[in-house]
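Trainee: The following block contains a protein sequence and its predicted model.
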Amino acid sequence: MQVTIRFTDQLIFVPDSAPYDEAGAVIEFRGIVRGLERGAKIGGLLYELYEPMAERVLRRIVEELGAEYPCLAFLVVHRHGLVPVGETSIYVRIEALHRTEAIRMLEVFMNRLKTEVPIWKSGSVPC
């Protein structure tokens, strides 16, 4: 499986690359910053990360999941710094032979990302 992991403090632009010829499913997910955090209006979220460790943990998770949910390619791009309301904080694209593997891999990946990867919402900014 081809694995690509990127971090950026800029807007996330969805790559134009064509899926593998063998791919029967391409799953894309965008996590968008909402305008409410714990019931209060916000203007954005601040994300912090420890990049070398975050990349290592993400790669380990993807490799473990790839053994259970065989896929062709996995791309994750995560923002850090200030991410304003309405912008994408995380983008994930999974290419697989079949939809079942891709959908399941995405769900488990996002759950593990929240609990295992050293990326933190360090705060919010007011409107």
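Mentor: All right, it came through fine.

Trainee: Could you grab the helix/strand/coil label for residue 122?
Mentor: Judged by DSSP: H, G, I helix; E, B strand; the rest coil, the three-state class of residue 122 is strand.

Trainee: And the helix or strand encompassing residue 67, what does it pack against?
Mentor: Secondary structure assignment for residue 67, by DSSP states H and E: helix 51-68. With contacts defined as 3 or more C-beta pairs under 8 Å, 6 or more residues apart in numbering; DSSP states H and E, the packing partners of helix 51-68 are strand 2-8, strand 73-79, helix 99-116. No exception for glycine: its C-beta is placed from N, CA and C like everyone else's.

Trainee: So what touches the next helix or strand after the second one?
Mentor: Sequence-wise, the next helix or strand downstream of strand 73-79 (DSSP H and E) is strand 81-84. With C-beta atoms under 8 Å, 6 or more residues apart in numbering as the contact definition, strand 81-84 has outside contacts at 9, 33, 43, 44, 45, 46, 47, 89, 125.

Trainee: from memory the third one sits against residue 86, does it?
Mentor: No: assessed by C-beta atoms under 8 Å, residue 43 is found out of contact with residue 86, at 10.1 Å.

Trainee: quick one: average confidence on stretch 85-101?
Mentor: Model confidence over stretch 85-101 averages 97 on the pLDDT scale.

Trainee: follow-up on the earlier one: may I see the buried residues of the helix holding residue 67?
Mentor: By neighbour count, with 16 or more other C-beta atoms under 10 Å as the criterion, the buried positions of helix 51-68 are 54, 55, 57, 58, 61, 62, 65, 66.
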